[in-house]
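Novice: structure, please.
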Amino acid sequence: MTRIDRKFEELKREGRAGLVTFVTAGDPDYETSLKILKGLPAAGADVIEFGMPFSDPMADGPAIQMSSQRALKGGQTMVKTLAMVRSFREQDQTTPIVLMGYYNLIYVYPVDRFILDAIKAGVDGLIVVDVPPEEDEELCVPALKAGLNFVRLATPTTDAKRLPAVLANTSGFVYYVSIAGITGTAAPDIGDVKAHLGCIKAHTALPIAVGFGVKTPEQVSAIAEIAEGVVVGSAIVTALADSLDQAGKATAATSSGVLGLVGRLASALRHPAEAAALRA
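Specialist: From the prediction side, this is the model:
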């Protein structure tokens, strides 16, 4: 079993959904980003999505686009991103890390060396949003053979005909995109999400994590009632951005603000009665 498999088994035993948090590697600078990364598990993150900064993140909304720009401006590279994972693994051998991003970065690395270096660093899985199932031999299959989970996205427009192809080589968990559009731009309709999850669960036993547009503890709690995981990204990245000074530099409030928000989101999963009262 991979770290991701073990984590979702642990969550199942605990009887709760997991909090999957997204941050962009190197945002707003290497040291601050590493401090946040290392602090996420204690704050309540069950799985960490670590964004690989890219100049054209087409599936992401303004908040995550700007986080990539800040990271790249600060000199973040793929080599530095993997170095951050290695540093994280010096203190944490259990929390899964999933690299999320776009194929260009891996293609130029290139693929074979990237997979080897990612495994050596302690990466557990990949979410690469612009590699379709028809191109699985490019990256997905080699990653799976090497021991990395490959997490695929299903969306509101993934119909019954398309779903088997999406699920064919997916492992670890399925990422359900709760809205039609880019990250952080709309709130999910819980009724619609529940209906789509029912269709997906009829075809796979993998855990499902729901993301895109999830921002508040109340939304986290509501989605946790119907899914095995809840993904929060734009809200966390926005909290980071809001803490920066006028020059875009980290302040004393940056890491504490981000980790404080993660703690509040995690509390909605660990104390569902309180979160339900907030929604009432």
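Novice: all contacts plus neighbour counts: C-alpha atoms, from now on.
Specialist: Noted.
Novice: now do the strands in the stretch 151-280 of the chain.
Specialist: Ranges of strands within the stretch 151-280 of the chain are 153-154, 174-177, 208-211, 229-232, based on DSSP state E, counting those that start in this stretch.
Novice: so who does residue 45 touch?
Specialist: 18-21, 262, 266 (Cα atoms under 8 Å, 6 or more residues apart in numbering).
Novice: what of residue 136?
Specialist: Residue 136 sits next to residue 169 when contact means Cα under 8 Å, 6+ apart.
Novice: ok, now how distant is it from residue 166?
Specialist: In this view, residue 136 and residue 166 are 10 Å apart by Cα to Cα, to the nearest Å.
Novice: likewise for residue 60?
Specialist: 20 Å.
Novice: do a quick rundown of the helices in this protein.
Specialist: Here the chain has its helices, by DSSP state H, at 3-14, 30-43, 62-73, 78-89, 103-107, 111-121, 140-146, 163-167, 190-201, 217-224, 234-242, 254-270, 272-279.
Novice: need the ones you listed in a markdown table (columns: distance to residue 178).
Specialist: Converted to a markdown table, the helices of the chain look like this (distance: least, Cα to Cα, whole Å):
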| stretch | distance to residue 178 |
| --- | --- |
| helix 3-14 | 20 |
| helix 30-43 | 24 |
| helix 62-73 | 17 |
| helix 78-89 | 28 |
| helix 103-107 | 22 |
| helix 111-121 | 28 |
| helix 140-146 | 23 |
| helix 163-167 | 15 |
| helix 190-201 | 6 |
| helix 217-224 | 10 |
| helix 234-242 | 14 |
| helix 254-270 | 18 |
| helix 272-279 | 19 |
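Novice: and those helices: which comes nearest residue 55?
Specialist: Closest to residue 55 of the helices of the chain is helix 62-73 (Cα to Cα; 6.7 Å).
Novice: quick one, that closest one and helix 234-242 angle?
Specialist: Relative orientation of helix 62-73 versus helix 234-242 (axes from the mean of the first three to the mean of the last three Cα atoms, to 10 degrees): 50 degrees.
Novice: okay, now the unreliable bits of the stretch 101-250 of the chain?
Specialist: 181-186 (pLDDT under 70).
Novice: the residue nearest to residue 233 when sequence neighbours are not counted pairs with what?
Specialist: Nearest residue to residue 233 in three dimensions, chain neighbours excluded: residue 22, at 4.4 Å (Cα to Cα, 6 or more residues apart in numbering). Note on residue 22: beta-bridge partners by DSSP bridges are residue 49.
Novice: from residue 249, how far out is the residue nearest to the spatial centre of the chain?
Specialist: Residue closest to the average C-alpha location in the chain (Cα atoms, centre = their mean): residue 49, at 3.2 Å. Distance of residue 49 to residue 249, computed by Cα to Cα: 23 Å.
Novice: do you know which of the strands of the stretch 151-280 of the chain lies nearest residue 97?
Specialist: For those, proximity to residue 97 was assessed by Cα to Cα; strand 229-232 is nearest, at 13.2 Å.
Novice: gap between the closest one and the chain center?
Specialist: The chain centre lies 8 Å from the centre of strand 229-232; the measure is Cα atoms, centre = their mean, to the nearest Å.
Novice: neighbouring strands - and their directions - for it?
Specialist: strand 18-24 (parallel), strand 208-211 (parallel).
Novice: so which of those comes closest to residue 177?
Specialist: strand 208-211 (5.4 Å).
Novice: can I get the closest one in CSV? Just the C-alpha atoms.
Specialist: Taking C-alpha atoms only, strand 208-211 is exported to CSV below (Å, rounded to 0.1, in the frame of the first residue of the first chain):
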residue,chain,number,x,y,z
ILE,A,208,-13.2,10.4,-3.9
ALA,A,209,-11.9,13.8,-2.9
VAL,A,210,-14.0,16.9,-3.9
GLY,A,211,-12.4,20.2,-4.8
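Novice: much appreciated, bye for now.
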